[in-house]
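Chemist: dropping a prediction and its sequence here:
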Amino acid sequence: MKRILGFSILAIVLIASACGSNSGTNTAPASVKENAKPVADSEMAVIEMENQAAYGTIKIELYSNIAPKMVARFKELAKEGVYNGVTFHRVNDSVIQSGDPLSKDADPTNDGTGGSQKPDVAAEFSDILYDSGIVGAARGPDFNSANSQFFITLKREQGFDRRYTVFGKVVDGMINAKTIAGAPRNGERPLDDIRIKQIRIVPRETAGN
């Protein structure tokens, strides 16, 4: 399976395959947490780009009360340095997508096909709407195949609602996310690598530092 972001007139589908996925395809309706009220976690994620002058930082509040498993995975991978050096390998007018360890290598053809060596994360769907700035977990056709890849929506995307795990929201740096989306590209791939230097997990009260 390949982690891809595809758009059509009839549907919007964002799928991501996990490297070493141990789950079969499950496209049956998954349970959805209704009347979800996101509560900001005590820790935030700060995405620092290699090219700070061009792309700056993106700060994300995390919703562990909505998607505890995905938030825990995201924090774990960030603290282990798995995201250090990955690229935003897919960008368009709707989303920017990153988190694939394979995007660190010199082979652009495998970008978007990988994940961490950890088990896939089960779906944690909710009725939180995919408005601008929502952070979601990329997955494959199997609803329970989220792993390391994530995406940030740049505008309202109704087609993602109740079908992709919401685990955070950008609270500072949306202008930088949109700058990334506007970089010169061939199709959905930026012509020049747009790399994450690191993702820091920090106490929310110190995120401004």
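Modeler: Perfect, thanks for sending it.
Chemist: how about the strands in this structure?
Modeler: 4-7, 12-15, 32-33, 43-49, 57-62, 90-91, 95-98, 125-126, 134-137, 150-153, 166-172, 185-186, 189-190, 196-203 (DSSP state E).
Chemist: could you dump those into TSV and include mean neighbour count and mean pLDDT?
Modeler: Every residue, glycine included, has its C-beta placed from N, CA and C. Formatted as TSV, those follow (neighbours: other C-beta atoms under 10 Å; pLDDT from 0 to 100):
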stretch	mean neighbour count	mean pLDDT
strand 4-7	16	36
strand 12-15	19	43
strand 32-33	16	95
strand 43-49	21	98
strand 57-62	22	98
strand 90-91	26	96
strand 95-98	26	98
strand 125-126	22	97
strand 134-137	26	98
strand 150-153	27	98
strand 166-172	23	98
strand 185-186	12	94
strand 189-190	17	96
strand 196-203	17	98
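Chemist: got these as a markdown table, with distance to F143 columns?
Modeler: Shown next, in a markdown table, are the strands of the chain (distance: least, C-beta to C-beta, whole Å):
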| stretch | distance to F143 |
| --- | --- |
| strand 4-7 | 16 |
| strand 12-15 | 10 |
| strand 32-33 | 11 |
| strand 43-49 | 24 |
| strand 57-62 | 21 |
| strand 90-91 | 20 |
| strand 95-98 | 18 |
| strand 125-126 | 8 |
| strand 134-137 | 11 |
| strand 150-153 | 16 |
| strand 166-172 | 14 |
| strand 185-186 | 29 |
| strand 189-190 | 26 |
| strand 196-203 | 25 |
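Chemist: so for the longest helix seen in the chain, mean pLDDT?
Modeler: Counting residues, the longest helix found in the chain (DSSP state H) is helix 68-80. Across helix 68-80, pLDDT averages out at 98.
Chemist: ok, now which ones touch the nearest residue to N110 once chain neighbours are set aside?
Modeler: Spatial nearest neighbour of N110, chain neighbours left out: L102 (4.7 Å); criterion: C-beta to C-beta, 6 or more residues apart in numbering. Taking C-beta atoms under 8 Å, 6 or more residues apart in numbering, we find L102 in contact with 19, 110-114.
Chemist: so what's D111 up against?
Modeler: Here D111 is in contact with 87, 89-90, 100, 102-103, 189 (criterion: C-beta under 8 Å, 6+ apart).
Chemist: how much space is there between it and I47?
Modeler: Distance, D111 to I47, by C-beta to C-beta, to the nearest Å: 18 Å.
Chemist: okay, the residue nearest to S116 when sequence neighbours are not counted and I201: tell me how far apart.
Modeler: Nearest residue to S116, sequence neighbours excluded (C-beta to C-beta, 6+ apart): S148, at 4.3 Å. Note on S148: its distance to I201, by C-beta to C-beta, is 15 Å.
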